[in-house]
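Undergrad: kindly return the folded structure for what I paste below:
(one chain, ligands or ions: 1)
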Amino acid sequence: MHPLTTLADDERLLRDSVYEFADKEIRPLVREMDEHAKISPALIEKLFNLGVMGIEIPDNYGGSGATFFHSVMAIEALSRVDPSIAVLVDVQNTLVINALLHWGNDDIKQRFLPKMATNLIGAYALSEAGSGSDAFALTTRATERGGEWLLTGRKLWITNGNEAGLFIVFATLNPEAGYRGITAFLVERGFPGFSVGKKEDKLGIRASSTCELLFDACRVPKANVLGEVGKGYKVAIETLNEGRIGIGAQMVGLAQGALDHTIAYTRERKQFGKAIGEFQAVQHQIARAATDIEAARLLVYNAARLRDAKRPFLTEAAMCKIFSSEVAERTASLAVNLFGGNGFVKDYPVEKLYRDAKIGQIYEGTSNLQLQTIAKNIMG
Ligand SMILES: Cc1cc2nc3c(=O)[nH]c(=O)nc-3n(C[C@H](O)[C@H](O)[C@H](O)COP(=O)(O)OP(=O)(O)OC[C@H]3O[C@@H](n4cnc5c(N)ncnc54)[C@H](O)[C@@H]3O)c2cc1C
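TA: Residues are numbered from 1 along each chain as shown. Sure thing, here's the model as predicted:
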């Protein structure tokens, strides 16, 4: 039996090499990407070359042939430096590739997986203006005509919307059928009737694009249905159940990044003739944050290990997401406090992490929805 945080050699190697990459290649760009609300295209190319855009894609499709836990390692390591880059990689791996691997037939896998390991970015489009937490109240409509599907409607809040070439889009064949009408379609950028609309101007994870998607009788070939017609709700639920472990990892990485900065700063900053890190009150606050992060990390690793072991993980995934997103917010807030005035300005990195932390309690199921899942599972 291994302790939960004991990593296999390949897991440790991946985590360390991704962190090293993030420190060298991403850190110098973080502020500029945040200010311009755009991920550097050259950086995206480097992420593909690093192999983190196709972690679970099997070797025969050109991917890294690794596990979900490896994705968690990469997301945590990236988020320690920039949670915006972490979410790009998170959506690519834990939502889009995950769904293609689980629900794609051979033809779909052959057509998309090699590209996703090389240069194709994915997005996952479920939410709409009127359906967020109540995701299956979606109204984007799919109708069959002349041997193809026509999609009409509007998606909102879609991560990677600006960069993606492939979109998993959930639409309903019949709104009256409720969740049973929902089907997952693979929409490729350039399909007639599809366009990317407004890009949101956000509080945090600003470099990550969040976009509206517009479908005006968008033509989708029959071969681009993912999973069975009418079973899109299963694709959505099962993928999101796993995806939220990735958000847990993003939040643990963010909290760790905030703590790293705080420890370094409190060693340097002097008041009353000594480093503020020498005051016991400050040490205790840092010790508490480190304890919080360790607890959050254990929840995330356990949920990811359960998932890879094909054991039930639903409750653990919801717990890891709600807890780690709260830890991220608390730790980033402490970081701002301990940086004093410097915590409040953009010249120092913790102001951004404080803004970035908030999203963990909103996307891939708000905290209230996580509590609902946990309560349902433990109370019946
Ligand atoms: C930056 C960003 C990126 C995103 N990326 C994606 C993406 O890539 N793909 C995608 O499909 N979506 C994405 N989303 C959408 C995201 O998943 C939704 O915003 C989220 O699910 C919440 O939905 P909502 O915004 O409609 O809030 P609402 O559902 O309106 O919720 C508002 C509040 O009401 C509470 N609430 C709602 N119902 C209940 C209930 N039954 N019990 C108790 N409380 C309740 C919620 O907890 C919340 O506090 C993204 C959102 C953001 C902000």
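Undergrad: show me where the stretch 151-300 of the chain has strands.
TA: Secondary structure of the stretch 151-300 of the chain (DSSP state E, counting those that start in this stretch): strands at 166-172, 182-188, 194-199, 210-221, 225-226, 270-271, 274-275.
Undergrad: point out the most buried one among the ones you listed.
TA: strand 166-172 (a mean of 26; mean count of other CB atoms under 10 Å). No exception for glycine: its C-beta is placed from N, CA and C like everyone else's.
Undergrad: identify each buried residue in stretch 52-71, please.
TA: For stretch 52-71, the neighbour count (16 or more other CB atoms under 10 Å) marks 52-57, 61-71 as buried.
Undergrad: sorry, back to before: out of the strands of the stretch 151-300 of the chain, which comes closest to I359?
TA: Across the strands of the stretch 151-300 of the chain, I359 has its closest neighbour in strand 210-221 (9.5 Å, CB to CB).
Undergrad: avg pLDDT for the closest one?
TA: For strand 210-221, mean pLDDT is 98.
Undergrad: same question, stretch 311-330
TA: On average, stretch 311-330 scores 98.
Undergrad: please apply the same query to stretch 103-119.
TA: Stretch 103-119 shows a mean pLDDT of 98.
Undergrad: start to end distance for stretch 342-361?
TA: One end of stretch 342-361 to the other measures 26 Å (CA to CA, to the nearest Å).
Undergrad: and that stretch, does that touch the ligand?
TA: Yes. Contact of stretch 342-361 with the ligand is found when judged by CB under 6 Å from any ligand atom, involving I359.
Undergrad: who's in contact with that stretch?
TA: 30-31, 34-35, 83-84, 203-206, 247, 250-251, 254-255, 257-258, 261-262, 265, 321-322, 324-326, 328-329, 331-333, 335-337, 339, 367 (CB atoms under 8 Å, 6 or more residues apart in numbering).
Undergrad: which of those residues count as buried?
TA: Buried by 16+ other CB under 10 Å: 30-31, 34, 83-84, 204-206, 247, 250-251, 254-255, 257-258, 261-262, 265, 321-322, 324-326, 328-329, 331-333, 335-336, 339, 367, out of the contacts of stretch 342-361.
Undergrad: contact residues of the stretch 51-200 of the chain facing the ligand?
TA: Counting by CB under 6 Å from any ligand atom, the residues of the stretch 51-200 of the chain that sit close to the ligand are 91, 124-127, 132-133, 157-159.
Undergrad: quick check on the closest residue in space to T152 that isn't next to it in sequence: phi, psi?
TA: Distances taken as CB to CB, 6 or more residues apart in numbering put R141 closest to T152, at 5.1 Å, once the chain neighbours are dropped. For R141, the backbone dihedrals (degrees, to the nearest 10) come out as phi -110, psi 140.
Undergrad: now L173: how far from the ligand?
TA: 19 Å (CB to the nearest ligand atom, to the nearest Å).
Undergrad: so what's the residue lying closest to that residue once chain neighbours are set aside up against?
TA: Here the nearest residue to L173 in space, its sequence neighbours aside, is G181; by CB to CB, 6+ apart that works out to 4.7 Å. By CB under 8 Å, 6+ apart, the contact list for G181 reads 172-175, 230.
Undergrad: quick check: residues of the stretch 251-380 of the chain near the ligand?
TA: 359, 362-364, 366, 368-369.
Undergrad: just give me the closest of these to K222.
TA: For those, the nearest to K222 is E364 (29.5 Å; CB to CB).
Undergrad: just give me the neighbour total for the closest one.
TA: For E364, the neighbour count with other CB atoms under 10 Å is 29.
Undergrad: just say helix, strand or coil for it.
TA: coil (DSSP: H, G, I helix; E, B strand; the rest coil).
Undergrad: circling back to that earlier point, kindly provide the distance from the residue nearest to L173 to D134.
TA: 15 Å (CB to CB, to the nearest Å).
Undergrad: from the stretch 51-200 of the chain, which residue is nearest to the ligand?
TA: Going by CB to the nearest ligand atom, the ligand is nearest to G132 of the stretch 51-200 of the chain, at 1.7 Å.
Undergrad: for the residue nearest to V300 when sequence neighbours are not counted, what are its contacts?
TA: Distances taken as CB to CB, 6+ apart place G248 nearest to V300, at 4.1 Å, with adjacent residues excluded. The contact partners of G248, by CB under 8 Å, 6+ apart, come to 296, 299-300, 303, 317, 320-321, 323-325.
Undergrad: could you pull out the helices for the stretch 151-300 of the chain?
TA: Secondary structure of the stretch 151-300 of the chain (DSSP state H, counting those that start in this stretch): helices located at 232-268, 280-308.
Undergrad: just the ones you listed: most buried one?
TA: Per residue and on average, the most neighbours among the helices of the stretch 151-300 of the chain fall to helix 232-268, with a mean of 24 (mean count of other CB under 10 Å).
Undergrad: that one: how far from the chain's middle?
TA: Relative to its parent chain, helix 232-268 has a centroid offset of 8 Å by CA atoms, centre = their mean, to the nearest Å.
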